[in-house]
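Student: Got a sequence here, can you build the structure:
(chains A and B)
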Amino acid sequence: MSPVLAGVLQLIALIAALALAYRPLGDYMAAVYSSPKHLRIEKFIYRCIGANADTEMRWPAYLRGILAFSLAGVLFLYVIQRLQGHLPLSLGFASISPDQAFNTAASFVTNTNWQSYSGEQAMGHVVQTGGLAVQNFVSAATGMAVAVALVRGFARSRTGELGNFWADLVRSTIRILVPLAVLAAIVLVACGAIQNFSGIHGVGQFFGGSQQTNGGAVASQEAIKELGTNGGGYFNANSAHPFENPNAFTNLFEIFLILVIPFALTRTFGKLVGNVKQGYAILAAMVTIWLGFTVLMMWSEFAHGGSALQAAGAAMEGKETRFGIGSSAIFSVATTLTSTGAVDSFHSSFTAFGGGIQLLSMMLGEIAPGGVGSGIYGMLVMAVIAVFIAGLMVGRTPEYLGKKISTREIKLAACYILITPALVLLFTAVSMVLPDALGSMLNTKAQGAAPHGFSEILYAYTSGANNNGSAFAGLNANTPWYNITIGLATLLGRFLPMVFVLALAGSLAEQKPIPETAGTLRTEKPLFAGLLVGTILIITGLTYFPALALGPLAEGLS
Amino acid sequence: MTAPVKPEESGPMSTATPTRAPQQDVPSGQQPGDGRVGGGLFDPKQLVKSLPDAIRKLDPRVMIKSPVMFVVEVGSVLTTIFAFKTPSEWFGWAIAAWLWLTVVFANLAEAVAEGRGKAQADTLRKAKTDTVARRLNGTDEEQVPGTELRIGDLVVCEAGDIIPGDGDVVEGVASVDESAITGESAPVIRESGGDRCAVTGGTKVLSDRIVIKITTKPGETFIDRMINLVEGAARQKTPNEIALNILLASLTIVFLLAVVTLQPFAIYAGAEQSMIVLLALLVCLIPTTIGALLSAIGIAGMDRLVQRNVLAMSGRAVEAAGDVSTLLLDKTGTITYGNRQASEFVAVQGVTEAEVAEAAQLSSLADETPEGRSIVVLAKDKYELPERHQEDLTGAEWVPFTAQTRMSGVDVDGRKVRKGATGSVIAWVLDRGGDVAEDAQRLTEEISQAGGTPLLVALEDERGPRVLGVIHLKDVVKEGMRERFDELRKMGIKTVMITGDNPLTAKAIAEEAGVDDFLAEATPEDKMALIKREQAGGKLVAMTGDGTNDAPALAQADVGVAMNTGTSAAKEAGNMVDLDSNPTKLIEIVEIGKQLLITRGALTTFSIANDVAKYFAIIPAMFAVAYPGLDTLNIMRLHSSQSAILSAIIFNALIIIALVPLALKGVQYRPVSADKMLRRNLAVYGLGGLIAPFIGIKLIDMLITLIPGIG
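Tutor: Numbers count the residues shown, from 1 in each chain, chains lettered A, B, ... in the order given. Predicted coordinates for the structure are as follows:
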């Protein structure tokens, strides 16, 4: 079988699996968020944290819950990293430096999982499993809570109440993420991923010398790493490491895990607003972008432009022979179009256009399908913008899902779309003039690789501010400058948009609903899905066009 | 049917625009649908006339109101300064000049839109000459300037006097010439009490004497407000316009960031850019097209209403009109011609229709009511009876209609003919010992059930008194109303007919006219309850009204259009006044509101879509030197980097001027469903916006290269 055909078949298998899971998972999640009952274990958790899970919260209260919870998460992660040298089960690793500890804490709490450390050489069991893996669950659950709050904003009227953050957080974790992660971990273990608490072994190599191998609770972390669109690997090599991702099947399975919740949330959204077709329109926009980018990526990698790659015969540098070009291309698009950032191949080694697609995927705001929760709320904000422009063209004050999009809503949506471009462009620009920051590049101007070096830095901040967490590789990001600025980018890029999303949700929930008439813009139609895609590509795409021109485009067109 | 308007009849309201479209009662099918809410013609000469105003608007304190154009102005200033630094470089000067032109073009668009209103305001001011009022002080009269009148003062006006202020007639009746305000030269009757008591300052009493109670402070009169409105002095940004401005401002910030951060990237790439080029890129990217035209679109929208003799007290109301989903329409005058008309003669058994027609005609010759006249006309037109006149019949004894007898008729040549209300005529026949045909009762009931009004015709001659037949009087629905309501339905607007008729009659007319719903035997309270019910369901309601008892409902409705003939209470309560007092105009107001929003949306889409092509012109021009591969992006094959950037800037400026007529006239509007409308507008303004600049920039580039020294 030709590699291209194999890639296409893998893509088809993936789509089939996602389609099968879409309805049951989406409906199940809708039921979870609308159920009035608490499980016994949930009641126990609420008692422990002293939360009343039955009170309705308005948006400021909901936001306060998120910020307080996340701040506690950052502090806890920071402290256990700083104290690692004194903790048991630390495998003998020393405490982490302050800037790196801040970066890692911020990164995991924001669902980014940018790693400026190398897992097997820095983090012991306590930090990995007791700190980072816990955040893999709860940071994802936080994103889902915000998404549900926004959906309730559309679904509810004349109230302003958005549900209860603690209930949404705990239910997302206990009823959705944990069971799915357990299932996924069992599959991974069955297919060869490791799951133990063994220490570090030196293994003699065939040609002499010795290699260090770590044991650890890898499969369990791998499952939630993909399922919660986290991306922080147990090992530095991430999903390219055979202990994390042993074979071609697990590779495809991990891609499935990355995409399954974000896509299914469109069904949950449709269910909760009482019209599944509205969810399908959002799904259609997401699939159009995702499939389009995947096909482009496969084309770029299989065509392997560039003289070196042409001479080599294939774009295999940085890709695992276990997975091949097709599967690696699908993985890299899935991971950058969601807020995952796990990698099964080295993004820096992709063709220039391939690297450009990865960058653009993140720059779109990771909304197709995006991170768990963050994908759908990001997409809904873009839908608000699209509705505003298009709604005017049908001669009415724009409305979406029966809610008027007027000054306040547009103000909040406009602030939302400003944040990540501002963070990405400003941090990158400053880094491009700081000699120290430039010194971290692997590919430099002096080597005649100015565009690629620029892409390294652009990629780092794009990944951080959009909470992706994947690295272009090459850039040495473990310096105080990058640790601190990328850490800040992850925090601001995560929580500022949440402020605007929740305020928007509150504003929508207070409105009275407008009945649908023939004069209403039909947002469940293919035309609207197309318009949404166009709005996203033009508004966010144009923002980054000059930067992309100087990075991947300059490299690819040379 | 649009009658040609003679200049002297069209009055002051139309001086600025030669194409005021006076709306007759009939919303005709003859007018092409899309031309209905078209605006005035755009005269290129207006551009030249408005130039001084446009220059005056360069004041940064004025410019800051439009954030997008303010950024362009700052860019122009900076570019000019940089051009001064290297005076020998033609490129800097060319960019600076075109950036300034971009700003001036934007101001020009606004100035032209305002200019039309100013001309109207000037003619209105002429009407507002300082008048001397004859104020009543007890029984004495004193002469005071009109500006000293207070609310509650009583003033006297006699034939030839200009009414000194807005008020209600409290004594007397007079004919008043209101052409100064409405442009309508036929005088109107104003009388104390009832719904025709309001008079407007600046209008002229033509006959008789009236006493007026002043209801408005000087300076706040109707004519003052009108002047403010058409001049744009009272113009405030509408909610939707504010929201759009916010979106445009945020896009401007995004693109500002993209350009500001580009320089460090460019320096690293070894392709440092001059400030002039960066400013040119910025101006190309920010949404200048819509930013430049936004306020002109708003002013022109109000202006389109003024051209139709509708005064909107706020822009908010115009926008709300576009959102309306329920229209309350009064039956009489809006859906039907005000009066019932005879539609057929039905004979009882043994009598021919012609006999009924003849008797009906005879009995109605002296009946000057519209119903009576319509009987005569029907007899002539449908039954081809020869015309007869009252004076032809000598010795006839005419029996006039009275409220007691509820009959009219004539005694002539030994025949007694009567027509009138069923009960009265039957009583008349029975009294005289005649008999009533068995089927007479059935016929009248049938007519009643069909929503009509039956009038019995009876005759007493040598054969004795007997009933001949029935005249079917019915409300005649105006032509083209059904089509209009079908269009409204397509737009998602529900129509509700309001009538004082009984439910049976109302139902029949509602079905004939094709309205969605009706409210029969409507009291003002019912109307109010209906509006509140619709609003509770999230709908926006529009209605017209003229009486004082309409005032609460007018105030409650989202769009309340008061008739100018109505009471001042009604005019005060509504948020629009129709000077023509034509209730059908409500439909046009809705269309104008929609058109205003569509124009904004279409030009925003166009403006944003334009950016794609500009990138393909400018990015290769900036970086193809450092990275020759990027020349691949120069898909337009523009001549040189300088010509490429200049062409993009010139296109950006010229497109503003090119779109001024569209902004003033409004995007073509057809009443179709939202889906179809979106598809069409997306194709024209979205796809068109993507493609047009590729062609435009290429053409400009080809022209530029013809200039010696550049090519």
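Student: Could you find the closest non-adjacent residue to A:G354?
Tutor: In space, and not counting its chain neighbours, A:G354 is closest to A:S300: 4.7 Å by CB to CB, 6 or more residues apart in numbering or on different chains. Yep, even glycine has a C-beta here, placed from its N, CA and C like the rest.
Student: Could I get the contacting residues of that neighbour?
Tutor: A:329, A:350-351, A:353-354, A:357 (CB atoms under 8 Å, 6 or more residues apart in numbering or on different chains).
Student: now, which of those sits nearest chain B?
Tutor: Chain B lies nearest to A:F353 out of these, by CB to the nearest CB, at 11.9 Å.
Student: Quick check: nearest residue in space to residue 303, chain neighbours excluded?
Tutor: You didn't say which chain, so I picked chain A. Nearest one to A:A303, counting by CB to CB, 6+ apart, is A:T351 at 7.7 Å.
Student: Wait, chain B was what I had in mind.
Tutor: B:R116 (5.5 Å).
Student: Same check on B:L455?
Tutor: B:I471 (4.2 Å).
Student: For the helix or strand where the one you found lies, give the mean pLDDT please.
Tutor: Here B:I471, judged by DSSP states H and E, is contained in strand B:464-477. Averaging pLDDT along strand B:464-477 gives 87.
Student: Could you do stretch B:685-694 as well?
Tutor: 95.
Student: can you pull the buried residues of it?
Tutor: B:685-686, B:688-690, B:692-694 (16 or more other CB atoms under 10 Å in any protein chain shown).
Student: likewise stretch B:217-236?
Tutor: Taking 16+ other CB under 10 Å as the criterion, stretch B:217-236 shows B:218, B:221-227, B:229-232, B:235 as buried.
Student: just curious, which of these is nearest to B:I55?
Tutor: Nearest to B:I55, judged by CB to CB, of the buried residues of stretch B:217-236 is B:G232 at 18.0 Å.
Student: pretty sure the residue nearest to B:D303 contacts B:M302?
Tutor: No: contact criterion CB atoms under 8 Å: B:R116 and B:M302 do not qualify, at 10.1 Å.
Student: hey, what's in contact with both of the two?
Tutor: Contacts common to B:R116 and B:M302, judged by CB under 8 Å, 6+ apart, are absent.
Student: Farthest from the middle of chain B: give me that residue.
Tutor: The centre of chain B is farthest from one residue, B:E462, which by CA atoms, centre = their mean lies 60.8 Å away.
Student: If you tally nearby residues, what's the number for A:G119?
Tutor: A:G119 has 23 neighbours, counted by other CB atoms under 10 Å in any protein chain shown.
Student: Who are the contact partners of it?
Tutor: Contacts of A:G119 (CB under 8 Å, 6+ apart): A:128, A:232-236.
Student: In JSON lines, list those residues along with neighbour count and pLDDT.
Tutor: Below are those laid out as JSON lines (neighbours: other CB atoms under 10 Å in any protein chain shown; pLDDT from 0 to 100):
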{"residue": "A:Q128", "neighbour count": "23", "pLDDT": "85"}
{"residue": "A:G232", "neighbour count": "28", "pLDDT": "88"}
{"residue": "A:G233", "neighbour count": "28", "pLDDT": "84"}
{"residue": "A:Y234", "neighbour count": "28", "pLDDT": "85"}
{"residue": "A:F235", "neighbour count": "21", "pLDDT": "87"}
{"residue": "A:N236", "neighbour count": "14", "pLDDT": "86"}
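Student: Going by proximity to chain A, name the top residue of the stretch 101-250 of chain B.
Tutor: B:S250 (3.5 Å).
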